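> requesting a structural model of the entry that follows:
(chains A and B)
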Amino acid sequence: MHQLTLAEIARGLADKSFSSEELTGALLARIKQLDPQLNSFISVTEELALGQARAADARRAAGETGTLLGAPIAHKDLFCTNGVRTSCGSKMLDNFKAPYDATVVAKLAEAGMVTLGKTNMDEFAMGSANESSHYGAVKNPWNLEHVPGGSSGGSAAAVAARLLPVTTGTDTGGSIRQPAALTNLTGLKPTYGRVSRWGMIAYASSLDQGGPLARTAEDCALLLQGMAGFDAKDSTSIDEPVPDYSANLNASLQGLRIGLPKEYFGAGLDPRIAELVQASVKELEKLGAVVKEISLPNMQHAIPAYYVIAPAEASSNLSRFDGVRFGYRCEEPKDLTDLYKRSRGEGFGAEVQRRIMVGTYALSAGYYDAYYVKAQQIRRLIKNDFMAAFEGVDLILGPTTPNPAWKLGAKSSDPVAAYLEDVYTITANLAGLPGLSMPAGFVDGLPVGVQLLAPYFQEGRLLNVAHRYQQVTDWHTRAPNGF
Amino acid sequence: MQWEVVIGLEIHTQLATQSKIFSGSATTFGSEPNTQASLVDLGMPGVLPVLNQEAVRMACMFGLAIDAEIGKRNVFARKNYFYPDLPKGYQISQMDLPIVGKGHLDIALEDGTIKRIGVTRAHLEEDAGKSLHEDFSGSTGIDLNRAGTPLLEIVSEPDMRSAKEAVAYVKAIHALVRYLGICDGNMAEGSLRCDCNVSIRPKGQTEFGTRCEIKNVNSFRFIERAINSEIQRQIDLIEDGGKVIQETRLYDPNKDETRSMRSKEEANDYRYFPDPDLLPVVIEDSFLETIRAGLPELPPQKVERFQSQYGLSAYDANVLASSREQADYFEQVVKIGGDAKLAANWVMVELGSLLNKLGIEIDQSPVSAEQLGGMLLRIRDNTISGKIAKTVFEAMAAGEGDADSIIESKGLKQVTDTGAIDKMLDEMLAANAEQVEQYRAADEAKRGKMFGFFVGQAMKASKGKANPGQVNQLLKAKLEG
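Modelled structure (predicted):
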């Protein structure tokens, strides 16, 4: 049963091949059995899940239908879940039971999804290896000595290991697409404003966006359908109708114009990945797509701009974790300053502290114009590059990451090396564009992802192309040994 | 050395919205601690702000009322600092693009002249919570009911030259926001608070001296006293060869002195940056035109109208228009009583001192405008004299009913029957035969003085009810005769 995709589960539940309770029980048992190797869950919400499963079965028995009714889900542990620990992978929130549901959590629960638990992540979503979690590193099911990517590493590893079919993730600089690429999944970062951020604990507010991780584009479409939509509680959410993401999955790619940015194929990219990307392009050409070279001249500035803007916003977003109202509080503070210093010093891990300090510096009097204002200007240039590129193409394609998954610990002493792994994903966040990573082959037995980027609100086009590609390739169906 | 004082003010006005500026919580004052604090007000992980449009509308009303430019594109910024009553670790405020730009306000000085005070800007922001240092046995309590209450911070130019001018300006702002109905103006509850920037310079010097900021002064009286004591401190300091250092100070009303809170060096670097959770607010011309069309008559127009329509002096018009409630009360009295000058006098003098004595505002007056107007009618038709009217007024203030019933029940109706007055005067003059002799022997100048004595005796004899005009006339005839 664990091999089933979300679409297959939906059919199985609909034709009563199994109940949600049976499915939930089986998956919970599988998590219990296999997750100790992976560490992909921070919390397994067994009681909640079984209760929701029985409720979903009752709703179905009463005549209700719905693709997501009774289907399993796990949320990245930064989506607030009422009454459930929502830790953000941090000691700071180890004791924090959210008093409310994030909009994403509430919408999926209303649709009848069954929450199996909360998945591991880089602390406060800061990282691309899932090594900065207070709850320990997550292992890549394709090779347990390797990282699964991050920051949605737990969400990715769990789906890759067939512990469940789909999970939610968030993507601030690649945190859905990069782990999807490194674990052979399909992961989608929607247009900024497409999915509500209410209840999604912020890392960098202007870049964060929630989205689905799954094994297939078809499943991503189903889950995104349940997540997307305007939310009056999020002022940056956009009031734009949500299309039926499954409706055009099989649309023809005849005449689809795909742009390959020449900047994507320079130094730093593993040549074996470059080859796999080219091979995927060939497949899409066979499906009727037309390929041409394009240029994104300001791409080289994306990482520096990102590592100013994201830490700047984070330094402010994380100020509320002060030991006063919730979260970690140091023992026996001797005064207010001591309370702040030690609660934050002891509650936050090294990478979080590093980014808070970088961001605080970038916003400080005398540096603001040189760093923050400049970074925002670069952001506009990057957006303009994309706008110009989309005048001539319908889709932009390239590698998701320059390298396959690296060994645990390999880059933990060199943060800049780890930051460079985000080179292809960050631009979509800076520009607010939707992006998708899909499986495109293997290097040394480790998965490789291809990234597709589309104009604003063209998630449907991304899913269509990925789905058609998945109809003619089988990379996405391959499972890691032992899972 | 002759010193010139330079004062600029920052006034924080709490906007009278039903709910907070970025959450749906109520803004009622005085509720049980933390009963008006939602997830957003508590700064819970994952929550997001949603702007209350009503606060924007109120800020625009203020901007239009002071002839200011309204920022077409408004950006909210985060002001970052740590404090326990600031739940998010930052305050959402405005920095580079405030909602209200340069404007001005005219104030009436005591010598009757009008002075124009520049307003640099006014911006929207959220209030912080309150730290409660009492009743927690050594700990500090945090009440977040106030956190997120909308504030309009009004920043003036350094245009004021004395504490009196500063107070006149605060009073004018106070009156204006109440006219507009955007702030209840309750200073005791902190609805309107003031930071005073004070510096001095030798008379004639053009550049400013070093300023000190006195934080959070919340009554007209304290504003005046705090500024004056700070001026004196700065003069003493400089004349003793010292130097003023730029710092934030607090006023202690008990000792009537300001004391240092923190110096410029200790000041926070607030690391302002645009709040990524809120989109820029674009204000359309049509929105402003709707607001402009709905603005009430404002103090300057009202003062002008009171002078032209009712023939009041500039001073009287200013006093009466100083609050919307008082102006409305006055106009209601005129409407019923009919004589504007008489009404102005009664509202300003008798009613004014009654309210003052009771320590209440005009909207809580025990004598309604209708009652007062009704009494003026009786003065005008000679049913009572101005003197008896005071007795009637006191009775109305004591809740004994309206003028007519009081006049009736207390028998205060003026005596206008010439025969009765004539008889009363004869009796009075007979009882004061000696004085009558003296009067008749006296010269013109002395007579004038002595005449007053007889009038007094006559009024006393009639218990104030005799018509004073008739008494005058008849008495003159009798004495001359």
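
> name the nearest residue to A:Ala479, ignoring sequence neighbours.
A:Arg162 (6.3 Å; C-beta to C-beta, 6 or more residues apart in numbering or on different chains). For glycine as for every other residue, the C-beta is placed from the backbone atoms N, C-alpha and C.

> excluding chain neighbours, what is closest to the residue in chain A that chain B sits nearest to?
Proximity of chain A to chain B (C-beta to the nearest C-beta) peaks at A:Ser319, 2.4 Å away. In this structure, A:Ser319 finds its nearest non-sequential neighbour in B:Gly89, 2.4 Å apart by C-beta to C-beta, 6+ apart.

> hmm, the one you found is touching A:Asp322, no?
Yes - taking contacts as C-beta atoms under 8 Å, B:Gly89 lies within contact range of A:Asp322: 6.1 Å.

> list the contacts of the residue of chain A closest to chain B.
When contacts are counted by C-beta atoms under 8 Å, 6 or more residues apart in numbering or on different chains, A:Ser319 touches B:80, B:82, B:88-90.

> point out the residues in the stretch 151-300 of chain B that sit beside chain A.
B:269, B:271-273, B:276-279 (C-beta under 8 Å from any C-beta of the partner chain).

> tabulate those in TSV, adding columns for secondary structure, neighbour count and pLDDT.
Below are those laid out as TSV (DSSP: H, G, I helix; E, B strand; the rest coil; neighbours: other C-beta atoms under 10 Å in any protein chain shown; pLDDT from 0 to 100):
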residue	secondary structure	neighbour count	pLDDT
B:Asp269	coil	13	93
B:Arg271	coil	24	96
B:Tyr272	coil	18	96
B:Phe273	strand	25	97
B:Pro276	coil	20	98
B:Asp277	coil	22	98
B:Leu278	coil	21	97
B:Leu279	coil	16	94
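
> residue closest to the middle of the chain?
Unless you meant another one, I'm taking chain A. In chain A, the residue lying closest to the centroid (C-alpha atoms, centre = their mean) is A:Ile176, at 2.2 Å.

> please go with chain B instead
B:Lys171 (4.8 Å).

> and stretch A:209-226, how far apart are its ends?
15 Å (C-alpha to C-alpha, to the nearest Å).

> report the helix or strand with the lowest average pLDDT across chain A.
In chain A, the helix or strand scored least confidently by mean pLDDT, DSSP states H and E is helix A:415-420, which has a mean of 82.

> so is A:Leu213 in a helix, a strand, or just coil?
strand (DSSP: H, G, I helix; E, B strand; the rest coil).

> and it, how many neighbours?
Using other C-beta atoms under 10 Å in any protein chain shown, A:Leu213 has 33 other residues around it.

> what ranges do the helices span in the stretch 151-300 of chain A?
Applying DSSP state H, counting those that start in this stretch to the stretch 151-300 of chain A gives helices spanning A:153-160, A:177-182, A:217-227, A:271-286.

> same question for the stretch 301-450 of chain B.
B:314-320, B:324-337, B:340-345, B:352-358, B:369-380, B:386-397, B:403-410, B:418-431, B:433-441, B:444-461.

> kindly export the fourth one (C-alpha atoms) in CSV.
Backbone C-alpha positions of helix B:352-358 (Å, rounded to 0.1, in the frame of the first residue of the first chain) are rendered in CSV as follows:
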residue,chain,number,x,y,z
GLY,B,352,-17.4,77.3,32.5
SER,B,353,-16.8,77.8,36.2
LEU,B,354,-19.5,75.2,37.2
LEU,B,355,-17.8,72.6,35.0
ASN,B,356,-14.5,73.6,36.3
LYS,B,357,-15.6,73.2,39.9
LEU,B,358,-17.1,69.8,39.2
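
> how far away is the residue in the stretch 101-250 of chain B that chain A sits nearest to from B:Ala122?
Going by C-beta to the nearest C-beta, chain A is nearest to B:Ile142 of the stretch 101-250 of chain B, at 7.2 Å. Distance, B:Ile142 to B:Ala122, by C-beta to C-beta, to the nearest Å: 28 Å.

> the two: which has the busier surroundings?
Taking other C-beta under 10 Å, B:Ile142 and B:Ala122 do not tie; B:Ala122 has more neighbours (26 against 22).

> secondary structure class for the more buried one?
From three-state DSSP, the assignment for B:Ala122 is strand.

> quick check: bridge partners of it?
Beta-bridge pairing for B:Ala122 (DSSP bridges): B:Val100, B:Ile154.

> picking up where we left off before, who touches both of B:Gly89 and A:Asp322?
Joint contacts of B:Gly89 and A:Asp322 (C-beta under 8 Å, 6+ apart) are B:Phe82.

> ok, now which ones touch residue 439?
Answering for chain A, as no chain was given. A:181, A:184-186, A:447-450, A:475-476, A:478.

> hmm, I had chain B in mind actually
Contacts for B:Tyr439 (C-beta under 8 Å, 6+ apart) come out as B:447, B:450-451, B:454, B:479.

> could you rerun that using 7 Å?
B:Tyr439 makes contacts with B:447, B:450, B:479, as judged by C-beta atoms under 7 Å, 6 or more residues apart in numbering or on different chains.

> which of the residues you listed tops the neighbour count?
Going by other C-beta under 10 Å, B:Leu479 tops the contacts of B:Tyr439 with 17 neighbours.

> now that residue: which helix or strand?
Using DSSP states H and E, B:Leu479 sits in helix B:468-480.

> now that helix: how far from the chain's centre is it?
46 Å (C-alpha atoms, centre = their mean, to the nearest Å).

> separation between the residue nearest to the centre of chain B and B:Arg225?
Applying C-beta to C-beta to B:Lys171 and B:Arg225 gives a distance of 15 Å.

> hmm, back to that, now the helices of the stretch 151-300 of chain A as TSV including mean neighbour count?
Listed next are those as TSV, based on neighbours: other C-beta atoms under 10 Å in any protein chain shown:
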stretch	mean neighbour count
helix A:153-160	34
helix A:177-182	35
helix A:217-227	25
helix A:271-286	16
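
> just put those in CSV and tack on distance to A:Asp414 and mean pLDDT.
As requested, these are exported to CSV (distance: least, C-beta to C-beta, whole Å; pLDDT from 0 to 100):
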stretch, distance to A:Asp414, mean pLDDT
helix A:153-160, 19, 98
helix A:177-182, 17, 98
helix A:217-227, 33, 98
helix A:271-286, 21, 98
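
> nearest to B:Glu361 among those would be which one?
helix A:217-227 (54.5 Å; C-beta to C-beta).

> ok, and what's touching that closest one?
With C-beta under 7 Å, 6+ apart, helix A:217-227 has contacts from A:5-7, A:67-68, A:104, A:107-108, A:111, A:165-166, A:186, A:188, A:190, A:195, A:210-212, A:214, A:245-246, A:249, A:438, A:459, A:463, A:466-467, A:470.

> that one vs helix A:153-160, what angle?
130 degrees (axes from the mean of the first three to the mean of the last three C-alpha atoms, to 10 degrees).

> circling back to that earlier point, by contact count, what packs against the helix holding B:Leu479?
helix B:418-431, helix B:444-461 (3 or more C-beta pairs under 7 Å, 6 or more residues apart in numbering or on different chains; DSSP states H and E).

> for stretch A:177-184, output the C-alpha coordinates as PDB.
C-alpha atoms of stretch A:177-184 as PDB (Å, rounded to 0.1, in the frame of the first residue of the first chain):
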ATOM      1  CA  ARG A 177      13.000  22.000  -5.200                       C
ATOM      2  CA  GLN A 178      16.500  21.200  -4.000                       C
ATOM      3  CA  PRO A 179      15.600  18.300  -1.600                       C
ATOM      4  CA  ALA A 180      13.100  17.100  -4.300                       C
ATOM      5  CA  ALA A 181      16.000  16.900  -6.700                       C
ATOM      6  CA  LEU A 182      18.300  15.200  -4.300                       C
ATOM      7  CA  THR A 183      15.800  12.500  -3.300                       C
ATOM      8  CA  ASN A 184      14.200  11.900  -6.800                       C
END
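
> get me the contact residues on the stretch 251-400 of chain A for chain B.
Within reach of chain B by C-beta under 7 Å from any C-beta of the partner chain, the stretch 251-400 of chain A has these residues: A:312-313, A:316, A:319-320, A:322, A:324-325, A:336, A:340, A:360, A:363-365, A:372.
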